Each structure stands twice: as structure tokens, then as C-alpha cells.
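Participant: how would this look folded up:
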Amino acid sequence: MRRKQEGPIQNPAVAEVMAFLDSERFRNMSGVKMYSDRSVRRARMKIHLHSKIGRAYCESLWRAEPAALLNEENRDHPYHVALSVDRRSNLETLTKRTALISDTLVISNDAGEDESPVPRLARRKPGPMPVCRDHNSPEGEDRYVYAEVPHDEIGQWVLGAKPLISSGATWFLPKYYTSTYEGPAHEPEFLRTGAFYGTGEREPHEIHEFSSSGIVDFLVRNGRAVDVSGVNPVKSRMVRPVINMRIPVIEGTSLTNFSKITMDEFGSFSSFRDFLRERLLELDPALNAVDSEVELTRIGLNISDQVRDIDSRLRLVKKKRAVQAAGAAIGSLGAVLLAVYGPALQTVVASIGATGGAWGMLNAFAENSTRPLKDEKWYYVWALAQKAENFR
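Facilitator: The predicted structure is shown next:
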């Protein structure tokens, strides 16, 4: 049974595929009720569950066959961003920064031709990890699915990014392989025979690699985004700078809080996203690395100033509401007297310009409501600042 998705949907097609996170099957595989905020909070503290969640994610995504989400039309869309990251990349930081300008973000750990996983196996570092039996195995043949991603790392990421994933705003695509070999890729027998990669003295097991290179827009290496040939130029003008952009509020907020606030304050977030897109597109593409960094720093400082400004305005509104709420209580007494003494008292009240009662209270609250501020683009960043560890 799948729970109904709550909150805004960024990409309906992706959200439909990612609905497996809220299924009972995923719960049975991972031991976590992903549809329960309380259960997710507890799982973050239980490190031993992270690997189970990561493996359940890799298996469920494989079974969902998300190939339809990776068509050429998506790649041409300026706000659909696909990143290929290396092992040195910070998945949490990339997610937060790139989500600020994208409608849909796909992150893959496809190393590419320049970084073969074979040397990592030789150095006894993690290789492809087993996921499940391939449900599409040819008749009479058993194939097994492997994902070249640390299950604990992807599990931790899924727990933090759950609101974004469920809305279709982001998802992770592991590098998959299928093989007739069954067993962990790091087992001595596996390494000795070279079974997985078809090397070694013994007869190799057949291997099929599923690469995301055809849909990737940028290769992220050492914190820098390198364009893949044919990427949309508008996309390039936004993604490359935002990956290197440090916004204190964003850096100091955990992925968990970032994801939740982004969905909870989606109206304000959408306005801020439009603002940031516009500012990044205004940057001169001919700027050298130093000048570009200066301009990005200016944008970051401007955002910080706006956060402090809206914080002051919110504090002022709350003070006014407190004072006028007290005044409304006095006004209510006046309304009772008016009902008892009639027109005579009404004439006196009007002559001194006094107002009160229920209408006075409603007018006071309407004139000094925080709702207009919550609709502004800066309210979203202010909400993040309340959770940021480095912004006070």
C-alpha cells in the first residue's frame, strides 16, 4: 500500500516512480516507514539502517525501470539537471546548491571512461555491491544486479532528501551492472577470478554495464562542473556557478532541514529560485575565475543582508500584533458597553476616533500579518537561517 504524496509536486513523472519509498515493500526491505516523519528521524540516528535503506533504494529503483525519465527531451530542458559525480564529491552540498536553480536534479555516480572501477578493486576499495536478482533475466539464466555505490552513503542521502525525492525534485541514479556471478564484489574469489569485469584466468562471467553517460549534463570533478558536449547553454550559465557558490545560510543547513523547508515553503522558494536564476544568468560568461568568484560572493552577501532585513520586519510585526492584541481586549469591553448603552455611546466613541471590538482586532491583525512576508522570496531563506548552524 502506498501513502498519498503530500505537498507540492515538482516533477510528476519522477514522483510517480519514487513513490516506491512509501510502499510497504520498501518498509519490509529497509525496516523504516519512509512515510512517517517520526520513523525517518529515528532511522537517521540508527547508522546500521543506512545500508539497508541504500540497498532497498537501489533495488526498488532498478525494478521501477526509470529509463523513461532519462529521455532526450528532459536533457534539453534548461531546468532539468543531470550531474555525474566522483567519489570525492559531497553529495549533500551538491544537492542543496543545485536544487536552488533546478526543477529536477538527477545525480549519478557514473565514473565515466576516464575512471575505471578496476583500480579501486585492486586497491581493496569498495567495488560494486550486490542488490538483487534481475527480474528481467533471460529464461533459463540467472542474472544478478550490482550497484557501484556505497549503500550506507546513499541510504543516508535518501533519509535527508526524502521530501525532495518524493516531490520529484531530485533522485539518485546508481551505476548498475548485471552479471551471472552471484556474491559480493569484494569477496576474494570474485577478485581472484576477475569474474565481474571479465578478466583473469578462469572463464569470465558475462557482464552488462548500464551507463548514464548519455543523459549527463555535467561532470563534477574536484568541485568543478565540466560541461558535456551539447548541454543547453542556459543550463550551463546557471549550474556551473551555483555549484561553486557559497551561501552561508545554505551551507549551514542540513540536507534534512533544507529538504523539509523547501517543500513547506514552496511558494517562497519558487520566488527565490526565479531570483537566483535571473542573477546567475546576468553574470558575464567571459569573466575569469577570480572575477566570477567575486560576483558570486556579492550575490551571497546580498542574500545574507536580505535575510537580516526580513528578520527585522518579522520581529516588528510580531511586536505590533502583541500590542494590538492587548488593545483588542480593551476594545471588546467597549463593544459590550456599546450594546448596552446604544447610540449614545456610539456617538462618543466616534467623536474621539476610537475603534475596537472584534472588527478592530481583525483589522489590526490583517494590517500587521506575517502572511505577506511569507509570500516573499526572502522568507524561504530566512526560514533556512533559523535552522542554520552558522547564521545568527
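Participant: how close does Val226 get to Phe218?
Facilitator: According to Cβ to Cβ, to the nearest Å, Val226 and Phe218 sit 6 Å apart. All C-beta atoms are positioned from the backbone trio N, CA, C, and that covers glycine.
Participant: and these two? which has more neighbours close in?
Facilitator: Using other Cβ atoms under 10 Å as the criterion, Val226 and Phe218 rank with Phe218 on top: 22 against 12.
Participant: where are the low-confidence patches of the stretch 201-350 of the chain?
Facilitator: Low-confidence segments of the stretch 201-350 of the chain, defined by pLDDT under 70: 201-213, 229, 286, 288, 316-350.
Participant: neighbours of Arg221, just the number please.
Facilitator: Neighbourhood size, Arg221 [other Cβ under 10 Å]: 16.
Participant: Surely it touches Leu83?
Facilitator: No - contact criterion Cβ atoms under 8 Å: Arg221 and Leu83 do not qualify, at 10.8 Å.
Participant: Okay, Ala68 and Arg97: tell me how far apart.
Facilitator: Ala68 sits 27 Å away from Arg97, taking Cβ to Cβ as the criterion.
Participant: Same drill for the two, tell me which one is more crowded.
Facilitator: The residue with more neighbours, out of Ala68 and Arg97, is Arg97; 22 against 10, by other Cβ under 10 Å.
Participant: residues in contact with that one?
Facilitator: Contact analysis of Arg97 by Cβ atoms under 8 Å, 6 or more residues apart in numbering lists Val242, Ile243, Met245, Ile250.
Participant: Secondary structure, distance to Pro12 and neighbour count added to these, as CSV?
Facilitator: Formatted as CSV, these follow (DSSP: H, G, I helix; E, B strand; the rest coil; distance: Cβ to Cβ, whole Å; neighbours: other Cβ atoms under 10 Å):
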residue, secondary structure, distance to Pro12, neighbour count
Val242, helix, 25, 23
Ile243, helix, 27, 20
Met245, coil, 29, 22
Ile250, helix, 26, 21
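Participant: Would you point out the most distant pair within the residues you listed?
Facilitator: Using Cβ to Cβ, the pair of the contacts of Arg97 lying farthest apart is Ile243 and Ile250, separated by 12.0 Å.
Participant: Could you chop this structure up by domain?
Facilitator: Following the assignment in automatic domain parsing, the chain carries domains at 12-111+148-175+211-244, 250-387.
Participant: Distance to Arg133 for those - can I get that in JSON lines?
Facilitator: Conversion of the domains of the chain to JSON lines gives the following (distance: least, Cβ to Cβ, whole Å):
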{"stretch": "domain 12-111+148-175+211-244", "distance to Arg133": "10"}
{"stretch": "domain 250-387", "distance to Arg133": "32"}
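Participant: how about the ones you listed, which one is nearest Asn136?
Facilitator: Among the domains of the chain, the nearest to Asn136 by Cβ to Cβ is domain 12-111+148-175+211-244 (8.4 Å).
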